[in-house]
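A.B. asks: prediction below, plus the sequence it came from.
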Amino acid sequence: MIGYRKKKKHPRSLFYRISAWLHLWLGLISGIVIVIVSLTGAILTFEQELRVLFQPYQSVKEENRPFLAPSQLSEKVIQKYNLPSVAGVFYQGAGRSAIVPYYGDRKNLVVVYINPYTANILHYQRLNDDFYRIMVEGHYQLWLPRAIGKPIVAYATLIFVLLLISGLVLWWPRKWTKTSRQASFYIKTKARFRRLNYDLHNVLGFYSLLVALIFGLTGMVYGMKWFSDATYYVGSGGKKQSYEKTVSDTTLNQIHLLPEQDILYQDLINKGTDIKTQILSVSYPYGKEGTWGIGINPKPGTRYLERYQYYEQRSLKPLASPPAFSAANGGDQLLRINYDLHVGSIGGIWTKIIAFLVCIICTSLPITGFIIWIKKKNKFKF
C-alpha cells in the first residue's frame with residue numbers, strides 16, 4: 001500500500017512576507033492615531049450641513065436689499081465686544097449670517113455671527129469652546145501642542161498610506177478561483193466572530209482602499225511641507241512653489257471718504273459681482289505691512305474655484321494674483337483641489353457620504369486588525 005504523502009505548502013514570496021511584517025508592526029505603531037484621525041474626520045464630514053441644521057444663528061431672513069458694507073459690520077462687533085480689531089468680514093450669501101472673526105489673541109479666538117442686512121449680532125462664539133473646532137484640533141494635532149501633534153499625525157498618515165499598499169498585497173489571492181473571489185469580495189455575515197472580524201478587515205479594507213489612499217495623500221500635503229512641495233513639483237512639471245507677491249501696474253478707482261475695505265467692497269459691486277450667490281471674504285491686513293485680501297468663491301461648499309486678490313494698504317494697489325483654476329498649472333490645481341478631495345466635498349453630497357463611510361471603515365481597520373493579531377497570538381478566546 002502506498003503511503004499518503006501530504007502536500008507541502010509553497011512558502012509565500014519574500015515580498016509578501018516583508019509586506020506582512022510591515023503591515024503588522026506599522027499598524028500596531030500607528031493604530032491609535034489612525035483611529036482618532038479617522039473618527040474625527042467622519043465627525044467633520046458634514047460639519048457645514050449640521051451647523052446650518054442645528055445652529056439657528058447660521059441663517060437669517062433673506063431680504064430684498066443690499067448687504068451692509070464690511071466696515072459697518074466690523075465696527076459693530078468691535079464696539080460691542082471692545083475688540084482692538086477683527087480679522088475680516090465673511091459674507092456667506094443670501095439668507096446666511098455674515099462672520100466676523102477675531103484672531104488677535106490665540107487664547108481667546110472669537111467668531112461673531114451677524115446679520116448682513118441689519119448688523120444685528122446673532123451669536124458670539126469662542127472657538128476654544130466650539131465642538132467642531134475641538135474636533136479639528138484632534139484631527140490635525142491630536143489635541144496636543146501643534147509642534148508635537150502635527151508631525152505625529154503627518155507621519156502616522158504616511159504610515160497609513162504604506163499600510164494600505166501592504167494591505168493590498170496581503171489581500172491579493174494566490175490564485176483567482178471561485179472560492180478566493182468569495183473570500184476576497186464578500187463578507188460572511190453568518191460566520192463565527194473570528195471569520196466575520198477577518199472579513200470586516202480584509203474586504204472592507206479593499207473596498208475603501210482608493211478613497212482612503214486619497215485621504216492619506218491629501219492629508220500628507222497639509223502635514224508635510226516636503227510632500228506638498230513634491231506634489232507641486234510633479235504636478236507642475238518641475239516648477240517650485242512661489243510665494244512672492246508683486247505689485248500690479250493697474251490702479252483701483254478710489255471712492256473718497258469711504259474706509260479702505262468699503263472701497264474694495266464697492267468696487268466688486270460696481271463690477272457686477274453677485275455676492276449673494278457666492279461667498280465673499282474681506283480679509284483685513286495684519287500689522288502695518290499687511291495686505292487687504294478679497295476672496296470670491298463661486299461654488300459654496302468647495303474651495304478649489306476660490307480666487308483671492310490682495311491689495312496694498314493706503315494705496316490699494318492690487319498685487320499680482322494667482323490665475324484662475326482653469327488657467328493654473330498642474331501643481332497649482334493639485335494644491336487647490338486638495339482640500340475638497342480631503343474632505344469629500346469635491347462632488348457634493350454624494351462624495352461626502354462616501355467620505356463619511358470610508359472614514360468609519362478606516363476607524364475600524366486598526367481595531368479589527370488588532371483583534372486578528374491577538375487572536376493569532378492566542379492571548380484570549382472569544
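C.D. replies: Alright, I've got the coordinates. Residues are numbered from 1 along each chain as shown.
A.B. asks: Tyr310: what secondary structure?
C.D. replies: strand (DSSP: H, G, I helix; E, B strand; the rest coil).
A.B. asks: how many neighbouring residues does it have?
C.D. replies: Tyr310 has 20 neighbours, counted by other C-beta atoms under 10 Å. All C-beta atoms are positioned from the backbone trio N, CA, C, and that covers glycine.
A.B. asks: beta partners for it?
C.D. replies: Gly293 (DSSP bridges).
A.B. asks: residues in contact with stretch 135-144?
C.D. replies: Stretch 135-144 is contacted by residues 33, 36-37, 40-41, 43-44, 134, 146, 148-150, 152-153, 222 when judged by C-beta atoms under 8 Å, 6 or more residues apart in numbering.
A.B. asks: so which of these wins on neighbours?
C.D. replies: If you count neighbours using other C-beta under 10 Å, the busiest of those is Val37, which has 26 neighbours.
A.B. asks: residues touching the nearest residue to Trp292 once chain neighbours are set aside, list them.
C.D. replies: Take Trp292 and drop its neighbours on the chain: the residue closest to it by C-beta to C-beta, 6 or more residues apart in numbering is Tyr311, 4.3 Å away. Residues counted as contacts of Tyr311 (C-beta under 8 Å, 6+ apart) are 252, 264, 291-294, 317-319.
A.B. asks: can you count the residues close to the residue nearest to Leu122 when sequence neighbours are not counted?
C.D. replies: Closest residue to Leu122 in three dimensions, ignoring its sequence neighbours and counting by C-beta to C-beta, 6+ apart: Tyr57, at 3.9 Å. Using other C-beta under 10 Å, Tyr57 has 16 other residues around it.
A.B. asks: Tyr57 against Tyr113, yeah?
C.D. replies: Yes - counting by C-beta atoms under 8 Å, Tyr113 is a contact partner of Tyr57 at 4.6 Å.
A.B. asks: common neighbours of the two, please.
C.D. replies: Common contact partners of Tyr57 and Tyr113 (C-beta under 8 Å, 6+ apart): 97, 122-123.
A.B. asks: picking that back up, residues contacting the residue nearest to Leu122?
C.D. replies: By C-beta under 8 Å, 6+ apart, the contact list for Tyr57 reads 97, 113, 122-123.
A.B. asks: and the helices in this structure?
C.D. replies: Under the criterion DSSP state H, helices of the chain are mapped to 14-44, 47-54, 70-81, 131-141, 146-171, 178-185, 193-207, 209-223, 225-235, 260-270, 330-343, 349-376.
A.B. asks: distance to Tyr304 for these - can I get that in JSON lines?
C.D. replies: As requested, those are exported to JSON lines (distance: least, C-beta to C-beta, whole Å):
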{"stretch": "helix 14-44", "distance to Tyr304": "18"}
{"stretch": "helix 47-54", "distance to Tyr304": "16"}
{"stretch": "helix 70-81", "distance to Tyr304": "25"}
{"stretch": "helix 131-141", "distance to Tyr304": "20"}
{"stretch": "helix 146-171", "distance to Tyr304": "21"}
{"stretch": "helix 178-185", "distance to Tyr304": "34"}
{"stretch": "helix 193-207", "distance to Tyr304": "26"}
{"stretch": "helix 209-223", "distance to Tyr304": "12"}
{"stretch": "helix 225-235", "distance to Tyr304": "13"}
{"stretch": "helix 260-270", "distance to Tyr304": "21"}
{"stretch": "helix 330-343", "distance to Tyr304": "4"}
{"stretch": "helix 349-376", "distance to Tyr304": "13"}
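A.B. asks: residues in contact with the lowest-mean-pLDDT helix or strand in the chain: which ones?
C.D. replies: When the helices and strands of the chain are scored by mean pLDDT, DSSP states H and E, helix 178-185 comes last with a mean of 88. For helix 178-185, contacts defined as C-beta under 8 Å, 6+ apart pick out 171, 173-174, 199, 202-203, 206.
A.B. asks: of those, just the buried ones, PyMOL syntax please.
C.D. replies: The PyMOL selection below is limited to those of these classed as buried (16 or more other C-beta atoms under 10 Å):
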select buried, resi 199+202+203+206
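A.B. asks: Ala119 against Pro70, yeah?
C.D. replies: No - taking contacts as C-beta under 8 Å, Ala119 lies outside contact range of Pro70: 10.9 Å.
A.B. asks: the two: which has the busier surroundings?
C.D. replies: Neighbours around Ala119 and Pro70, counted as other C-beta under 10 Å, are more numerous at Pro70. The numbers are 26 against 18.
A.B. asks: looks like that one contacts Asp262 (just checking).
C.D. replies: Yes - counting by C-beta under 8 Å, Pro70 touches Asp262, with 6.3 Å between them.
A.B. asks: any common contacting residues for these two?
C.D. replies: Residues touching both Pro70 and Asp262 (C-beta under 8 Å, 6+ apart): none.
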